[in-house]
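**Q** Below is the sequence, then the predicted model.
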Amino acid sequence: MSTDSAEAKCLLPDPEMTRRGFAMTTLATGFALASLPVSAQTIVTTPADGLMVGEITVRVKDGTIPAYHAMPNTKGPFPIVLVVQEIFGVHEHVKDICRRFAQQGYLAIAPELYARQGNPAAIKDVQQLMKEIVSKVPDLQVMADLDATVAWAKENGGDTNRLGITGFCWGGRVTWLYASHNPSLKAGVAWYGRLTTPANPLQDMVPIERVKELKAPVLGLYGEADKGIPVADVEKMREALKAAGKTDSEIVLYPGAPHAFFADYRPSYTPDAAADGWKRCLAWFKRHGVA
């Protein structure tokens, strides 16, 4: 099947979806159940002082999806950063990250990319979440929804000539993919996103296999002690980037850091790696014309 026909099939309304409508029309509040317990000692809360924040809706090809946005309460246009969710969806941590970017002068927006498949915040078990929602989200649908989110940002104070993307866990993989999809992207920062996940009919894009198609430099931030992403996979990605001549992309591997080391609300939070990664993220966007 060609890419065009695959995309058309992916974006046609699913009969079951048509009967029940989008599974999510508004964002969940608080933290996703599968991500609990929250570590009260380390959680970061970014104030909305001086910002415009809140939930909005993004028009996509088959309806609308909810999203969270944050931007300075001043005159734009502002550089845009797409913030792509963890496997838990757009919950409070992702919203807080949007506010962090907005405090740095960005229009940050996080679309709920599971809106058609279900509400991730209501599922307690990670394996159940993967089976019932995450595994059913087509890559082509995600790419199209992110394109639609960029269009919303352009109409609402964003400068698409200064477009960046960052994502965490599930969103880290998506970051690599979107950097191979959108020629208008300036830069991406992928936090511990899978690199070599086997393809399947709905999710047939594999980051390491799309290196030659990268249209923007990507900074990959990974943990040496990540049990789900072996160091060997990280090294293979480094070699693939080198072989493809993508010398403007880089990967940082933090010694001793686990998966989700930036997630300050979880026990995996690793302050030194998180702080360094955030600093590198902002510098990367500035270096490549996003900021």
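**A** Nice, I can see it.

**Q** and the spatially closest residue to residue 73 that is not a sequence neighbour, what is it in contact with?
**A** Ranked by CB to CB, 6 or more residues apart in numbering and with sequence neighbours excluded, the top spatial neighbour of residue 73 is residue 52, at 4.9 Å. (Each C-beta comes from the backbone N, C-alpha and C, glycine too.) By CB atoms under 8 Å, 6 or more residues apart in numbering, the residues touching residue 52 are 69, 70, 71, 72, 73.

**Q** top of the residues you listed by neighbour count?
**A** residue 69 (27 neighbours; other CB atoms under 10 Å).

**Q** Just list whatever residues bridge to the residue nearest to that one when sequence neighbours are not counted.
**A** Leaving aside its sequence neighbours, residue 69 sits nearest to residue 109 (CB to CB, 6+ apart; 4.3 Å). As for beta bridges, residue 109 partners with residue 69, residue 82 under DSSP bridges.

**Q** and residue 109, what does it touch?
**A** 56, 67-70, 80-83, 98, 149, 152-153.

**Q** which residues in the stretch 101-250 of the chain form strands?
**A** Ranges of strands in the stretch 101-250 of the chain, per DSSP state E, counting those that start in this stretch, are 107-111, 158-168, 187-191, 218-223, 250-254.

**Q** Looking at the ones you listed, which is nearest to residue 126?
**A** strand 158-168 (14.9 Å; CB to CB).

**Q** can you give me the angle that closest one makes with strand 107-111?
**A** 50 degrees (axes from the mean of the first three to the mean of the last three CA atoms, to 10 degrees).

**Q** and the angle from strand 158-168 to strand 218-223?
**A** Using the same axes, to 10 degrees: strand 158-168 against strand 218-223 is 30 degrees.

**Q** quick one on the thing from earlier: now the strands of the stretch 101-250 of the chain as CSV including mean pLDDT?
**A** As requested, these are exported to CSV (pLDDT from 0 to 100):
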stretch, mean pLDDT
strand 107-111, 98
strand 158-168, 98
strand 187-191, 98
strand 218-223, 98
strand 250-254, 98
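
**Q** could the ones you listed be laid out in a markdown table, adding distance to residue 145?
**A** Below are the strands of the stretch 101-250 of the chain laid out as a markdown table (distance: least, CB to CB, whole Å):
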| stretch | distance to residue 145 |
| --- | --- |
| strand 107-111 | 6 |
| strand 158-168 | 13 |
| strand 187-191 | 16 |
| strand 218-223 | 20 |
| strand 250-254 | 26 |
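
**Q** Looking at the ones you listed, which is nearest to residue 235?
**A** Among those, the nearest to residue 235 by CB to CB is strand 250-254 (8.6 Å).

**Q** Now name the helix or strand holding the residue nearest to residue 73.
**A** strand 51-60 (DSSP states H and E).

**Q** Reduced to three states, what does residue 276 come out as?
**A** For residue 276, the assignment made with DSSP: H, G, I helix; E, B strand; the rest coil gives helix.

**Q** Just give the number of residues close to the closest residue to it other than its chain neighbours.
**A** Among residues not flanking residue 276 along the chain, residue 254 sits closest, at 7.4 Å (CB to CB, 6+ apart). When neighbours are defined as other CB under 10 Å, residue 254 has 20 of them.

**Q** could you list every residue that touches residue 254?
**A** Shown in contact with residue 254 (CB under 8 Å, 6+ apart): 221, 222, 223, 224, 261, 270, 273, 276, 277.

**Q** OK, contacts around the last one?
**A** The one in question is residue 277. Residue 277 makes contacts with 191, 221, 252, 254, 261, 262, as judged by CB under 8 Å, 6+ apart.

**Q** centre of the chain versus stretch 90-110, how much separation?
**A** Centroid separation for stretch 90-110 versus its chain: 12 Å, with CA atoms, centre = their mean, to the nearest Å.

**Q** distance between the ends of it?
**A** Taking CA to CA, to the nearest Å, the first and last residues of stretch 90-110 lie 7 Å apart.

**Q** Run me through the strand neighbours of the strand holding residue 52, direction for each.
**A** Sheet pairing of strand 51-60 (DSSP bridges) gives strand 63-72 (antiparallel).

**Q** pLDDT value on the residue nearest to residue 76 when sequence neighbours are not counted, please?
**A** With CB to CB, 6+ apart as the criterion, residue 76 has its nearest non-adjacent residue at 3.8 Å, and that residue is residue 157. If you check residue 157, the pLDDT there is 97.

**Q** Would you mind confirming that residue 157 is in contact with residue 77?
**A** Yes: the criterion here is CB atoms under 8 Å, and residue 157 meets it with residue 77 at 5.7 Å.

**Q** Right, I'll leave it there.
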